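Q: quick one: sequence and predicted model below, then my questions.
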Amino acid sequence: MQIGKLSHIGIAVESIDSQRKYYEEVLGLKIEGIEEVKDQKVRVAFIPVGDTRVELLEPTSEDSPVRKFLDKKGTGVHHMAYEVQNLEAALDKARAFGMRLIDEKPRIGAGGIRIAFLHPKSTSGVLTELCEPHG
Ligand code: CMX
């Protein structure tokens with residue numbers, strides 16, 4: 001699998017607004033690009049940090065995967081997302097190595113890009129997102 005770079009680190013939070021003081025005032029970063037990803041039942045906000053980003057994830061419904069995560073583990077790191085050039089090829093490779101795929105095929109995530117998740121039980125306990133940048 002050819003990883004381009006770390007696309008983002010996803011952090012589960014109860015509310016994006018409640019994080020402004022820490023990320024904007026304490027760390028001096030800028031929260032931008034807030035959007036709702038209906039399919040995933042989350043609102044997300046991206047925070048550029050150098051060449052990568054932090055993604056804040058706020059659940060939008062009781063059956064959101066992020067709601068379940070918050071109820072079980074509380075606020076904290078939810079997933080790591082890596083950029084790949086060819087998502088189908090990356091999924092084929094993960095499958096060939098016996099990884100448990102949450103998404104057998106790419107789906108559309110935040111920013112309209114193609115994404116797919118690998119189950120944390122087969123990736124050393126870290127929920128892993130593979131995403132294909134535009135172009
Ligand atoms: N990181 C690490 N481990 C996690 C986890 C996470 N984010 N979420 C769940 N787990 C663990 C649970 O603690 C549990 O472990 P134990 O069995 O040891 O207690 C196990 O995984 C549960 O697995 P499961 O029963 O198969 O699944 P869940 O119903 O808990 O759902 C998951 C977990 C990862 C399959 C589900 O959240 C999912 O499909 N996630 C992908 C989609 C997603 O997270 N979308 C939101 C972000 C969207 C975006 O970034 O745009």
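A: Okay, I see it.
Q: element containing Arg20, please.
A: helix 20 (DSSP states H and E).
Q: need the nearest residue in space to Glu24, chain neighbours excluded.
A: Of all residues not flanking Glu24 in the chain, Ile31 sits nearest, at 6.1 Å (Cβ to Cβ, 6 or more residues apart in numbering). Heads up, the C-betas are built off the backbone N, CA and C, glycines and all.
Q: give me the neighbour count for His134.
A: Other residues lying near His134 total 7 when counted by other Cβ atoms under 10 Å.
Q: isn't it right next to Gly109, touching?
A: No - His134 is beyond contact range of Gly109, at 11.9 Å (criterion: Cβ atoms under 8 Å).
Q: what's the burial count for the residue nearest to Glu24?
A: 17.
Q: buried residues in the lowest-mean-pLDDT helix or strand in the chain?
A: Least confident helix or strand of the chain, by mean pLDDT, DSSP states H and E, is strand 32-37 with a mean of 91. The neighbour-count check on strand 32-37 (16 or more other Cβ atoms under 10 Å) flags Val37 as buried.
Q: what's in contact with that strand?
A: Strand 32-37 is contacted by residues 16, 42-48, 60, 109-111 when judged by Cβ atoms under 8 Å, 6 or more residues apart in numbering.
Q: that one close to the ligand?
A: Yes - Strand 32-37 reaches the ligand (Cβ under 6 Å from any ligand atom) through Val37.
Q: chain center to that strand, what's the gap?
A: 12 Å (Cα atoms, centre = their mean, to the nearest Å).
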